[in-house]
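Novice: after the sequence you'll find the predicted model.
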Amino acid sequence: MVPTSYYVILSAVLFGLGVIAFLFKRNIISLFMSIELMLNAVNLAFVAFSQAKGGNLDGQVFVLFVIIVAAAEAAVGLGIIILIARNRRSLNVERVDLLKL
Amino acid sequence: MQTPILDYLWLIPLLPLLGSAINGLFGKGWPNKIVNSVAIGSTGLSFFLALEAVREFFAQGQQFVHKEYFDWILIPGFFRAGFDLQMDQLTVVMVLVVTGVGWLIHIYATGYMAHEGGYYRFFSYLNLFMFFMLILVLAANYVLLFVGWEGVGLSSYLLIGFYFLKKSASDAGKKAFIVNRIGDFGFMLGMFLLFRSFHAADNTVISLDFQTIFHAASNPAWGHEGWGQFGTMTIACLLLFMGATGKSAQLPLYVWLPDAMEGPTPVSALIHAATMVTAGVYVVARSHVLFTHSDTAMLVVAVVGCATAFFAATIGLVQTDIKRVLAYSTVSQLGYMFLACGVGAFSAGIFHLMTHAFFKALLFLAAGSVIHAMGGEQDMRHMGGLGKKIRYTYMTMLTATLAIAGIPFFAGFFSKDAILFAAFQSPASGRVLYAFGLLTALLTAFYMFRLIFLTFGGAPRYDEHHVHVHESPWSMLGPLVVLAVLSIIGGWFAIPAVFAGGPDYFAGFLAQVFGGGEVADAAGDMSAHHLELILAGVAVVAALAGMATAYWLYLRQPQKPEQLAKSMQPVYKTLLNKYWVDELYNAIVVAPLVWFSRQILWRSVDVGVIDGTVNGVASGLTGVGDGVRHTQSGNTRSYAVWVVVGAIVIIAVIFFWPSAKTLSGMVQP
C-alpha cells in the first residue's frame, strides 16, 4: 500500500504547480486550468486523508462537493471569458485591469 | 396650636418661583397688566404669608422652628443635606425685609419698566431672585444656604446684564459673576473645612445644619483662638468671610458693585442695595457662634468692614453719576455692618442692615425716579433745580438722605449710633475703628447732601427746552412714600436704652439668637449711658458738619468745588479714578490671565496639541492611504500574489508560533 505521505507530497507539488502557473501565465484560459489543477490537488489530499483515517467518508464527500463547485465555477467563468474575448479581442489577463480603484 | 404657615414654610419661597416660571415660560405674548399681576401677586402673597408666619411665630412664643421637607443629599451615617427651612428671630427680620422691600420694589418696577422691552423677562428674573433670596435666609443648613447664595448671584448676573445689547452691561454682569465666584470659592472651602473637622472630632456630626454645627462648636474642645492663632475656627471663619466679601462687596472684592449699576434701577435698589448684598452680613451674623471663637477672624471682619466703609466713602465724594454715588455709598454702609459684626455687635449690624434696606432702597428708587424724570440722564452735573418740579421724589429722597446721614430720630441715626458705640467699646483697637467710622459718617453726610444739592438744589443745568421734567406715576411714588415712612420709623424699633428708658427692643429680640455671643450690653450702666450720649452727640455734629460743608460748597459757592479740585489735583484724580483699583486688577490679574489664555492655552495647547493631534491623525492616515493605494493595481495576478503571500504567512504563523497552534485547534491544549 502506498503511504499517505506520498499522496500528500504529490498533492503539494500539484498545488504548487497550480499556484506558479496562476502567477505566471497570461492567458485567462491557462489561469482557469491552473485553478482546476489546484482544486484537484486539494481533492487528492482529501481522498488520501480519507483513506488514512480508515474509511472515514468525510473526505470523499468533500471531494464531491469540490467537483460540483468547480463545475459551476467553470460554467460561470467560461461565460465571463467568452465575453471578455468578444469585447477585447484578447485573452491577455494583464489588459483586464478594471478592478483598479 | 395651629400654625399652618409655619408648617408650610416652603410656600414663602415657592410662590415667587412659580411667578417666575409662569412669566418666564408664558409671559412673552402677554400684555404688561397680566405680567404685573403675576409678578406682584406672587411676591405680595409671599409677603403676606411671611407676615402670617411671623405672627404665628410670635403667637407660639418665639420657639425656634425647624422643618425638614425632603432629603437632598443623603449618605446614611455620614452626611445629610436636606431641603430644611428654619425660622428664628434673625430669620424673621430678614424675611420681612426681603419680602416687604422686594414687594415694594416690584410695584415700583411696574412703573419704571413700563416702556422697556423684555418686560416679562425682567419680572421673571426679579421673581427668581426673590425665590433664591428667600431660600438663602430661610435655609437651615449651609448647603441649602449656598444654593440660595449661588442663585442670587445668578439672578444678579441676569439682571445686571438685562440690557444685554449694551456691551458695558453684559461686561458688568460677567464681572459681577466672576468676582462673586472668587468669594464663593472661599465659602465652599469654608463649608468643607467645617464639616471635615467637626465630623473628625465627633462622628455624630453628619450634616451642615446650623444647629448641629453650632452645637458642635460649643463643645469646650474647640477652645477660644486668640489673636494670631490660626486654628480650624479661624481659618473656616476667614474662608466664610471671603465668601461674604464677594457677595457683600467688601475690600478687596467690591469692584463689581459699582459696575452693577448698569442694570435697571429697580434691580440696583433690590439686589445691589437692599437684599442680596446684605447676604454676606447675614452669613457672618448667622455664623456668629463660629466667629466669636476666633479673635483673629473678628478683627479681620471689623478691619475689612471699617476700611471698606472709609475707602468707598472717599470715592463717593467725587463721583458724578447719581447711581454710582449710591453704589459707593452702599459699599460703605455694608462696611459699617461688617464693622458691627466684627466688634461683636451682631444685632447692631443686623439692625443697620434693616434700616439700610429701607433708606438705600428708597434712595435708589428715588434716583430712578429722577432719571425717569430727566429722560435717562444720570449725570448730576446736568441736573439741578429739580426740587420744585418733582416734589414727591425730592421729599422722599431727602428723607432717605437724612436717614443715611444719621440725623437724629431718622432710622440711620439709631443704627449708626449703635455701631459706633459698639466699636468704641470694643477692646480690640476700638478707638481706631471708631475714629474711621466717625470720619466715614462725616463723609457720608457730605456726599449724600452733595447729591441732593446737585440734583435738586441750585439752578437747572440742563437744556429746559429739550428735557421735560415730569413727576413719576403713582406706581413709582407709592413705594417711595412707604419706604420714606419706614426710613423714619424703622429706627424706632431699637431706640437705645439711653433715650427711651426701657430696654433696646431690637437687641433684646435678637439676643435669643446671638445670646452670649454679643458683646455685653452696658444697659443700666450710667457711665456707659453718658458715653453713649456723648458719642451720639459727636456723630450728630459730624453729620451736620458734612451737611453744612456740602451746603456751602454746592449751593453757596458753586464755583468752589472746581477750584478745590484744581488745587488738590492728585487727590482729586485718584478719587475720581477710584484709586485705580480696576486698572490695578486689570494689570495684575486680568492681563496675565488673558496673556496666558491666548499665548499658552490657545496658541500652544489648543492649536498645537489638540488641533495638532486631530490634524496629525488625519494627514497621517491620508499618507498611509496614498502609499497603500498603489497595491490596488487592478491587475488580477498581483492580487493573486497577495493571496499566496498571505497564505504563506498564515501557515508560517500556525507552524512556528506555539500559542497560535492551540488557538487554531491543531494541537490539543
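Specialist: Received the coordinates, thanks. Residues are numbered from 1 along each chain as shown, chains lettered A, B, ... in the order given.
Novice: okay, now the unreliable bits of chain A?
Specialist: Residue ranges of chain A with pLDDT under 70: A:99-101.
Novice: and the strands in it?
Specialist: In chain A, no strands are defined using DSSP state E.
Novice: just give me the longest helix of it.
Specialist: helix A:58-88 (DSSP state H).
Novice: tell me the buried residues in it?
Specialist: Residues A:59, A:62-63, A:70, A:77, A:81, A:84 are the ones in helix A:58-88 that count as buried (16 or more other CB atoms under 10 Å in any protein chain shown). Where you see a C-beta, it was placed from the backbone N, CA and C, and this is true even at glycine.
Novice: helices and strands around that helix, which ones?
Specialist: When contacts are defined as 3 or more CB pairs under 8 Å, 6 or more residues apart in numbering or on different chains; DSSP states H and E, helix A:58-88 sits against helix A:28-52.
Novice: quick one: the helix it packs on to chain centroid distance?
Specialist: Distance, stretch centre to chain centre, for helix A:28-52: 5 Å (CA atoms, centre = their mean, to the nearest Å).
Novice: between it and helix A:58-88, how big is the angle?
Specialist: Helix A:28-52 runs at 180 degrees relative to helix A:58-88, counting by axes from the mean of the first three to the mean of the last three CA atoms, to 10 degrees.
Novice: counting by contacts, list what helix A:28-52 packs against.
Specialist: Here helix A:28-52 touches helix A:4-24, helix A:58-88, going by 3+ CB pairs under 8 Å, 6+ apart.
Novice: can you list contacts of that helix?
Specialist: Contact with helix A:28-52 is made by A:4, A:7-8, A:10-15, A:17-19, A:21-22, A:25, A:56-60, A:62-63, A:66-67, A:70, A:73-74, A:77-78, A:81, A:84, A:91-93, A:96, B:636, as judged by CB atoms under 8 Å, 6 or more residues apart in numbering or on different chains.
Novice: how's chain B carved up into domains?
Specialist: Domains of chain B are assigned by automatic domain parsing as B:355-569, B:577-630.
Novice: kindly check the end-to-end length of the longest one for me.
Specialist: When you say that, I think you mean domain B:355-569. This stretch, domain B:355-569, spans 36 Å end to end (CA to CA, to the nearest Å).
Novice: one more: stretch B:50-67?
Specialist: End-to-end span of stretch B:50-67 (CA to CA): 15 Å.
Novice: and it, average pLDDT?
Specialist: If you average the pLDDT over stretch B:50-67, you get 88.
Novice: report the buried residues of that stretch.
Specialist: Under the neighbour-count criterion of 16+ other CB under 10 Å, stretch B:50-67 has B:50, B:52-54, B:56-57, B:65, B:67 buried.
Novice: just stretch B:221-232 next, same as before
Specialist: Across stretch B:221-232, burial judged by 16+ other CB under 10 Å covers B:222, B:225, B:231-232.
Novice: run through who's touching it.
Specialist: B:193, B:197, B:201, B:216, B:233-234, B:293-296, B:299, B:428.
Novice: now the terminal residues of that stretch, how far apart.
Specialist: One end of stretch B:221-232 sits 12 Å from the other (CA to CA).
Novice: and the helix or strand hosting residue B:330, what does it pack onto?
Specialist: Residue B:330 belongs to helix B:322-342 when assigned by DSSP states H and E. Under the contact definition 3+ CB pairs under 8 Å, 6+ apart, helix B:322-342 sits against helix B:256-259, helix B:265-269, helix B:279-286, helix B:295-316, helix B:346-373, helix B:411-425, helix B:430-456.
Novice: next helix or strand past the third one?
Specialist: Counting by DSSP H and E, the next helix or strand C-terminal to helix B:279-286 is helix B:288-291.
Novice: what residue lies at the spatial centre of chain B?
Specialist: Centroid check for chain B by CA atoms, centre = their mean gives residue B:277 as the closest residue, at 3.0 Å.
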